[in-house]
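[1] Output the structure for:
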Amino acid sequence: MNPIRCPWCGQDPLYTDYHDTEWGVPEWNSRALWEKLILDGFQAGLAWITILRKREAFRAAFEGFEPLVIASWGEAEVARLLADAGIVRHRGKIEATIGNARAFLAVEEKTAFSDFLWKHVDGRPVQNRFASMAEVPTETAAARALSKELRANGFRFCGPTITYAFMQATGMVNDHLVSCAAHDRCARLAET
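    Residues are numbered from 1 along each chain as shown. Down below sits the predicted model:
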């Protein structure tokens, strides 16, 4: 018997696995959070399943999303990435990733990137209790504030819709529908 899931993930096994094991699970690791923010930026204008299917190719192309490595890249690496059919080949998003690596390192000089992000929800996941997808917002005041602070610190491709999707994905907010089997599991994870 299949568990009840949020309807957005459909029946694709890759998507249902992502829904069941990652989406909405609180993430506290700064480097993992940065990777997810970058991938959400690449998603802009695309379906998340497109990024999910290319995630391993992204990881290979971007050297495991190691900010220290990516921050040193220039035009040669941009050209290499623009020729890589395994990823989304968008010059602006690729250049933003390089700049975002530099911004990540600058933030990390002052505070942990995780703390920088999680302070926008007072360090604890917001537990929403939506009954239908129609109730789930595309952005919130917290997402707008996070977007504004990210941009003020040099990040790009991090508008409020992207930051809210990121907050959902990383468990900063629990937007699994209350009927979804993952809702209560993610809520329990937030208590630990």
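[2] Let me know the helix or strand that the residue nearest to F65 when sequence neighbours are not counted is in.
    Nearest residue to F65 in three dimensions, chain neighbours excluded: E35, at 4.0 Å (Cβ to Cβ, 6 or more residues apart in numbering). C-beta: built from backbone N, CA, C; applies to glycine. Using DSSP states H and E, E35 maps to helix 30-43.
[3] May I see the buried residues of that helix?
    30-31, 33-43 (16 or more other Cβ atoms under 10 Å).
[4] With pLDDT as added columns, please give those residues in TSV.
    Shown next, in TSV, are those (pLDDT from 0 to 100):
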residue	pLDDT
S30	98
R31	97
L33	98
W34	97
E35	98
K36	97
L37	98
I38	98
L39	97
D40	96
G41	95
F42	97
Q43	95
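[5] what is the rounded mean pLDDT of the lengthiest helix in the chain?
    Longest helix in the chain by number of residues (criterion: DSSP state H): helix 91-110. For helix 91-110, the mean per-residue pLDDT is 98.
[6] quick one: the strands in this structure?
    Per DSSP state E, the chain carries strands over the ranges 126-127, 173-174.
[7] Kindly reformat these as TSV containing mean pLDDT.
    Formatted as TSV, the strands of the chain follow (pLDDT from 0 to 100):
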stretch	mean pLDDT
strand 126-127	97
strand 173-174	98
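[8] most tightly surrounded among those strands?
    Per-stretch averages of neighbours, counted by mean count of other Cβ atoms under 10 Å, single out strand 173-174 among these, with a mean of 26.
[9] same for that one, what does it pack against?
    strand 126-127, helix 181-191 (3 or more Cβ pairs under 8 Å, 6 or more residues apart in numbering; DSSP states H and E).
[10] Just send the strands of the chain back as JSON lines, with distance to E22 too.
    Listed next are the strands of the chain as JSON lines, based on distance: least, Cβ to Cβ, whole Å:
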{"stretch": "strand 126-127", "distance to E22": "18"}
{"stretch": "strand 173-174", "distance to E22": "13"}
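[11] how about these, which one is nearest R156?
    strand 173-174 (22.6 Å; Cβ to Cβ).
[12] Give me the distance between G159 and A165.
    In this view, G159 and A165 are 10 Å apart by Cβ to Cβ, to the nearest Å.
[13] of those two, who's got more company?
    More crowded of G159 and A165, by other Cβ atoms under 10 Å: A165, with 21 against 17.
[14] If we ignore the residues flanking it in sequence, what's nearest that one?
    D40 (5.4 Å).
[15] wait, isn't that neighbour in contact with M167?
    No - when contacts are counted by Cβ atoms under 8 Å, D40 is not listed as touching M167 (9.5 Å).
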